[in-house]
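Peer 1: just the structure for this:
(chains A and B)
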Amino acid sequence: MKICLILEGCYPYVFGGVSTWMHQYINQMTEHEFVLWVIGANAKDRGKFVYELPKNVTAVYEVFLDDALKIKAAGKMRHRFSVQETDSLRELMICGRPDWEVLFSLYQEKRMNPMSFLQSEEFLNILTESCLKHYPYIAFADAFHTMRSMLLPVLYLLGTQVPEADVYHAICTGYGGMLACLGGWRYQKKVLLTEHGIYTREREEEIIRAKWVVPSFKKQWISFFYMLSDIIYQRAFLVTCLFTNAMQIQIQMGCDARKCRVIENGIHYERLSGIPLKPEDDWVDIGAVVRLAPIKDIKTMIYAFFELSMRRQRVRLYIMGGVDDEEYAAECHALVEQLKLENVIFTGRVDIISYMERLDFTILTSISEGQPLSVLESFAARRPCVTTDVGCCRELLCGRAGDSFGEAGYCVPPMYREGLAAAMEKMCASRARRLRMGANGQARVKAYYRQERMIKKYRELYEEVKGQWQESDLN
Amino acid sequence: MAGIGFELKKLFKRRGLFAAFRAYGYAGIVCTGPMLLGIVLLLGIMYLCDATGASRQSRELLVCMITYTLLASLLVTSFLSMVVTRFIADMLYEEQYEAVLPSFWGSTALMLVAGGVLYGIFLLFSGATLVEGLLMLWLFGELVVTWNAMSYLTAIKDYRGILLSFLTAIVVTFVTGWLLLYLGVPHVVGLLMAVSVGYGIMLLWDVILLYRYFPQRDFGAFLFLRWVDEFLPLAFTGLFVNIGLFAHLVIMWMGPIRVQVKGLFYGAPYHDVPALAAFLTILVTTVNFVVSVEVNFYSKYRNYYSLFNDGGAIGDIMQAEEEMLQVLGMELKYTAIKQLLTTALAISVGGILIGYLPFGFNDLMEGYFRTLCVGYGIYAVANTMLLLLLYFTDYEGAMVSAAVFAGLTSLFTVVSLQFSKVYFGFGFLLGSACFFFISAVRLNHFTRKLPYYILSTQPVTAEEKSGLFTGLGKYLDQKVERR
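Peer 2: Alright, predicted model coming up:
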């Protein structure tokens, strides 16, 4: 089967949870052929892959959002919109439910030029009308420019070249989800969605925090991403996520419960399970396998570790991961210096297997997560974990209903510094408890989170799609 | 987690900048001001000639020489005047006062060189004596500097200064003229010298005013040439309006009623004198623009545009637009009525009055006077609309209207030469009517979709225009620096 994977801002450009997962996934599915359709932010990243692509990846289609800015308007727009087209564009602009097929056809078949449209009278008319109706009190010129910047990448993507495949499998909603639907529409194929985190929620948090978005437009931007996610929730044949809570959220956001299912992440269990425990010494070594990025909340981790080292001697913290955000990384380093912490070690990106030997337990302080691989890996290596209560961390630590393996660590509300310090202190206090919790975690991973199990489930997913084809072929 | 989000958005933070477009209104006045001044001077000199018993030949030669020099200088300055106005407005808006004075000398130098060479060549073959030629070239230079200085003075709205310098120029010219004639200097040379002294005083006066306003600093004198590329339509608008206003005079000098005064100096006194007299009737619209249209319209206009910049909601914008367009309509109506009354008065009473003046008005001239009064009246209202187009930054529209004005008045005047000479003034009249029509259509069309032109026509991403003139400016600035 020729599977088109649609990825946004991760594989194969940067390291990280989803990227690692994707790489292993493709490597395992040797029986399928993969086409990558990847969306990046900056065209200067073209071709700069940090992974060596597996042999079964036969093509990579790269699209970059900032290329949208290079489009030249093709003069005055000549196209006269039909009522249907105007309605769809209006819905798009008020972040409602546009008829995507009309939009697909407008930009794929009728080759509408995005810049010409954004400079057209029609665009202004629709905007004026919807501002009068929906946003009568917000600054009109700002609304105009916001709308332009919001639509430009979408319209650009709608007109982009579509790779041909047997199935379009998006690894997130948003722009990626939209492209998957575009592919499905173009070649009349099924669309699948696998969400690791909840994309829309992540965008929402990002927008709420963003300083550059004028407050009055935050709502608009958030609804915009909800709309983008809605396309694939509506049009996907099957939707998977990593854990039950995430599925509940997808359903809440309008995805039909009948097509939702949970496929847990899996890891290469044997690779880690044999790692020996750290021999007992006077030190407690804590590891954090994270990229230096604000969403990982490294600063809170450093503060919490600072408190821990006030209370306890001989503790060390290894922060193991590459730099995602230069500015943030510099701030983290500065913070360590400012707090005069001698036992915080930034290792950069390292081979986890060899480093794991030095660790007693691991920590994760993210503000947002899906199903973190680092926790699974830590468990597989029999190291318990202190995490924030995000994504499915609690489920991993305490087990789902019907899981009797017992606790494998402590879960603390996100950004709760004292709580993190206390949890680490508890973890440091007893080696026996660490060993017990580590064993619990290892047993859980062995039962539910093995790669073979995960791959099997995804294979079944593709089989289901194939079954659908054959059915429709028979008809 | 996967997802790019919208870091892209940071790229889009660009807002429209509405500099002081108001300057255009005044730039339009600058265009007519010198002409009015020139006419007053001409009429005065004719009077002086008659009063001191000059020969008809020397009177006509004098009028020709001054008219030629006046038109040549206006034509040369018209290409840059609006662009320079825009440049000054932008610089004042950005509070870059030190850029102003260098650009004055930069633009003046360009016009002097380009215009001086062309006019000099013409004078070489014109049949004027050396003294006359040199005096005319000198006067031409003075006029170029003066007209350019006026663009700068209007930008800082020193009308008092301008008016005083006008009056001084007139008084000094007459006093010097009397004096020179009294001392026995021949009419042509004496009065040319008088006019040169008059304008010379005006030039000094204007330049002193400029130096008082703007700091003297080392700054790229040819930076403004970038504005020529960016606002090329503005440059052509200025040029075309001037061509439209004067081409019919020049064409008449080639037609059947021309009189060869000397060498290349032709005149068509039957047509020239009524034309100049009729031109005076647009004074009412000029004044009306400054004291009424500008004042009433501008406050509404500013309110409207500031809503786009300072967070106005759609409802407020629509209301402000309605109010602004209402005032615009009213003001245009009043302008038209006032001009109509003035024209009617000029035709009925003015014609009789002029008959009493010592120019020997005959029936043919009176006919031209009437026709041209109507023509200039229509022009005045059309020109007001053209200025309004500039306020709304419809540079292309303004340029097209001005081009129609220049093209059709010339064409129709040429065509009219094929008919009886009674109809000669109708070429200009018809051309002006077309100018009126197209300006009205364009203004109406444009004001119907103002938000579209204000917002939608802005490019989504920034682009900078650069071309021939930008390159020339860079080259000249480097040359100047190297010295």
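Peer 1: count the residues that sit near residue B:124.
Peer 2: Residues near residue B:124, counting by other C-beta atoms under 10 Å in any protein chain shown, number 11. To be clear about C-beta, it is placed using only N, CA and C from the backbone, and glycine gets the same treatment.
Peer 1: where do the strands of the stretch 51-200 of chain B begin and end?
Peer 2: Under the criterion DSSP state E, counting those that start in this stretch, the stretch 51-200 of chain B carries no strands.
Peer 1: got a pLDDT number for the residue nearest to the spatial centre of chain A?
Peer 2: Most central in chain A under C-alpha atoms, centre = their mean is residue A:197, positioned 4.9 Å from the mean C-alpha point. Turning to residue A:197, the model gives it a pLDDT of 83.
Peer 1: that one: what secondary structure?
Peer 2: Secondary structure state of residue A:197, per DSSP: H, G, I helix; E, B strand; the rest coil, is coil.
Peer 1: that one reaches residue A:369, doesn't it?
Peer 2: Yes - between residue A:197 and residue A:369 there is a contact at 6.8 Å, judged by C-beta atoms under 8 Å.
Peer 1: let me know whether residue A:273 touches residue A:442 as I believe.
Peer 2: Yes - contact criterion C-beta under 8 Å: residue A:273 and residue A:442 qualify, at 6.5 Å.
Peer 1: those two: which is more packed in?
Peer 2: Neighbours per residue, other C-beta under 10 Å: of residue A:273 and residue A:442, the larger number sits with residue A:442, 22 against 15.
Peer 1: does the more buried one belong to a helix, a strand or coil?
Peer 2: helix.
Peer 1: ignoring the adjacent residues along the chain, who's closest to it?
Peer 2: With C-beta to C-beta, 6 or more residues apart in numbering or on different chains as the criterion, residue A:442 has its nearest non-adjacent residue at 4.7 Å, and that residue is residue A:382.
Peer 1: overlap of the contact sets of residue A:273 and residue A:442?
Peer 2: A:380, A:381, A:382 (C-beta atoms under 8 Å, 6 or more residues apart in numbering or on different chains).
Peer 1: continuing past whichever strand or helix holds residue B:261, what's the next helix or strand?
Peer 2: Applying DSSP states H and E as the criterion places residue B:261 in strand B:259-262. Where DSSP H and E defines the elements, the next helix or strand beyond strand B:259-262 is strand B:265-267.
Peer 1: wait, the residue nearest to residue A:442 sits on residue A:438?
Peer 2: Yes - applying C-beta under 8 Å as the test, residue A:382 and residue A:438 come out as touching, 4.0 Å apart.
Peer 1: can you pull the residues that touch both of those two?
Peer 2: Counting by C-beta under 8 Å, 6+ apart, the contacts common to residue A:382 and residue A:438 are residue A:277.
Peer 1: contact partners for residue B:378?
Peer 2: For residue B:378, the contact set (C-beta under 8 Å, 6+ apart) comprises B:429, B:432, B:433, B:435, B:436.
Peer 1: most surrounded residue in the residues you listed?
Peer 2: Highest neighbour count within the contacts of residue B:378, by other C-beta under 10 Å: residue B:435, with 30 neighbours.
Peer 1: give me the element it is part of.
Peer 2: Judged by DSSP H and E, residue B:435 forms part of helix B:426-448.
Peer 1: over to residue B:272?
Peer 2: Using DSSP H and E, residue B:272 sits within helix B:269-279.
Peer 1: from the chain's centroid, how far away is that helix?
Peer 2: Centre-to-centre, helix B:269-279 and its host chain are 19 Å apart (C-alpha atoms, centre = their mean, to the nearest Å).
Peer 1: that helix versus helix B:426-448: what angle between them?
Peer 2: 30 degrees (axes from the mean of the first three to the mean of the last three C-alpha atoms, to 10 degrees).
Peer 1: spatially nearest residue to residue 158, not counting backbone neighbours?
Peer 2: No chain in the question, so chain A it is. Setting aside the residues directly before and after it, residue A:158 is nearest to residue A:107 in space (C-beta to C-beta, 6+ apart), at 3.7 Å.
Peer 1: my question was about chain B, not that one.
Peer 2: Using C-beta to C-beta, 6+ apart and skipping residues adjacent in sequence, the residue nearest residue B:158 is residue B:209, 6.2 Å away.
Peer 1: burial of that neighbour, as a residue count?
Peer 2: The number of residues packed near residue B:209 is 20, by other C-beta under 10 Å.
Peer 1: same deal with residue A:404?
Peer 2: 8.
Peer 1: ok, now residue B:180?
Peer 2: The tally of other residues near residue B:180 (other C-beta under 10 Å) stands at 19.
Peer 1: could you list the alpha-carbon positions for the helix holding residue B:435 in CSV?
Peer 2: Only the C-alpha atoms of helix B:426-448 are listed here, as CSV (Å, rounded to 0.1, in the frame of the first residue of the first chain):
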residue,chain,number,x,y,z
PHE,B,426,-13.6,75.6,-28.2
GLY,B,427,-10.8,73.1,-28.4
PHE,B,428,-9.8,74.0,-24.8
LEU,B,429,-13.4,74.2,-23.7
LEU,B,430,-14.1,70.7,-25.0
GLY,B,431,-10.9,69.2,-23.5
SER,B,432,-11.7,70.7,-20.2
ALA,B,433,-15.2,69.3,-20.3
CYS,B,434,-13.7,65.8,-20.9
PHE,B,435,-11.4,66.4,-18.0
PHE,B,436,-14.3,67.4,-15.8
PHE,B,437,-16.3,64.3,-16.9
ILE,B,438,-13.5,61.8,-16.4
SER,B,439,-12.5,63.3,-13.0
ALA,B,440,-16.1,63.2,-11.8
VAL,B,441,-16.5,59.6,-13.0
ARG,B,442,-13.3,58.5,-11.4
LEU,B,443,-14.0,60.3,-8.1
ASN,B,444,-17.4,58.8,-7.9
HIS,B,445,-16.1,55.4,-8.7
PHE,B,446,-13.3,55.6,-6.3
THR,B,447,-15.3,57.0,-3.3
ARG,B,448,-17.7,54.2,-3.7
